[in-house]
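**Q** sequence and predicted structure are below.
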Amino acid sequence: MKNHFLLILAFSALLLSCGKKEEEQQDKTKSAADALQQFADKAKDMQTREKVDPIDFRKLRELLPEEIAGFKRTEASGEKNGAMGFTISTADARYKGDNDASIHLEILDTGGVAGVATMAMAAWTMADIDKETDTGYEKTTSLEGYKAFEKYDSQNKSGELNLLVADRYVVNVNGNNVTMEQMKSILGDLDLDKLADLK
């Protein structure tokens, strides 16, 4: 079973990671320190909110249609589990398209008050990322009016899109043998407003 709580433990390593070039070390360390402070401030703010239990994963699963953006669902599942004081509801589905194209769509909910858990799974919301290579890119951006992170490898024709909705729901789209536009169309066809309104 996929353990999302490992992401919480990995969050510090993500923020403190540095490039190979020594001349960039100081700037990256400063950026990591700023991100850690922002993380601490937001976590403190979120902990002052009224406690809200994560939504029933069955409600999340209802948002995963049998067909989306031309892709047909091949399987779907959901679960609610907890560890280290955090409880997370998860619903996910796998989809197949033409020419071996595949999509994995996942929705997670921490209830919106477990600031550390939410931000660990969406650490990119506190970073400014804009990177390009010969075969792809990764960047923070905005999609459908929500904070987002996108990453794509044109050589492998694979990528991911991550979205934070209503400061509690994390939507992940991972694709193989697809274009970035196809993955964006998945988010475009997903009822994000309904997700944001779930209680």
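**A** Structure's in. What do you need?

**Q** from what I can see A91 touches P65, true?
**A** No: between A91 and P65 there is no contact under Cβ atoms under 8 Å: 11.9 Å. Just so you know, the C-beta spots here come from the backbone N, C-alpha and C atoms, and that holds for glycine as well.

**Q** between the two, which one's more packed in?
**A** The residue with more neighbours, out of A91 and P65, is A91; 24 against 17, by other Cβ atoms under 10 Å.

**Q** pull the helix or strand with minimum mean pLDDT from this structure.
**A** helix 6-16 (a mean of 42; mean pLDDT, DSSP states H and E).

**Q** which strands and helices sit next to the lengthiest strand in the chain?
**A** Counting residues, the longest strand in the chain under DSSP state E turns out to be strand 71-83. Under the contact definition 3 or more Cβ pairs under 8 Å, 6 or more residues apart in numbering; DSSP states H and E, strand 71-83 sits against helix 57-61, strand 86-96.

**Q** of these, which stretch is the most buried?
**A** Highest mean neighbour count of the helices and strands packed on strand 71-83: strand 86-96, a mean of 20 (counted as mean count of other Cβ atoms under 10 Å).

**Q** quick one: mean pLDDT for that strand?
**A** For strand 86-96, mean pLDDT rounds to 92.

**Q** what packs against the helix or strand just after it?
**A** For strand 86-96, the following helix or strand on the C-terminal side (DSSP states H and E) is strand 102-109. For strand 102-109, the packing partners by 3+ Cβ pairs under 8 Å, 6+ apart come out as strand 86-96, strand 169-176, helix 180-189.

**Q** report the buried residues of the shortest one.
**A** Looking back up the chat, that one is strand 169-176. Neighbour counts over strand 169-176 (16 or more other Cβ atoms under 10 Å) mark Y169, V170, V171, N172, V173, N174, G175 as buried.

**Q** partners of it in the sheet?
**A** Strand pairing for strand 169-176, using DSSP bridges, gives strand 102-109 (antiparallel), strand 158-165 (antiparallel).

**Q** how about those in JSON lines, adding distance to M183, mean pLDDT and mean neighbour count?
**A** Compiled in JSON lines, these are given as follows (distance: least, Cβ to Cβ, whole Å; pLDDT from 0 to 100; neighbours: other Cβ atoms under 10 Å):
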{"stretch": "strand 102-109", "distance to M183": "7", "mean pLDDT": "95", "mean neighbour count": "22"}
{"stretch": "strand 158-165", "distance to M183": "5", "mean pLDDT": "94", "mean neighbour count": "21"}
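
**Q** so, low pLDDT: which residues of this protein?
**A** Filtered on pLDDT under 70, the chain yields the residue ranges 1-51, 83-85, 112-121.

**Q** ok, back up a step: to G145, which of the strands paired with strand 169-176 lies closest?
**A** Judged by Cβ to Cβ, the one of the strands paired with strand 169-176 that comes nearest to G145 is strand 158-165, at 9.4 Å.

**Q** and the angle from that closest one to helix 180-189?
**A** Here strand 158-165 runs at an angle of 30 degrees relative to helix 180-189 (axes from the mean of the first three to the mean of the last three Cα atoms, to 10 degrees).
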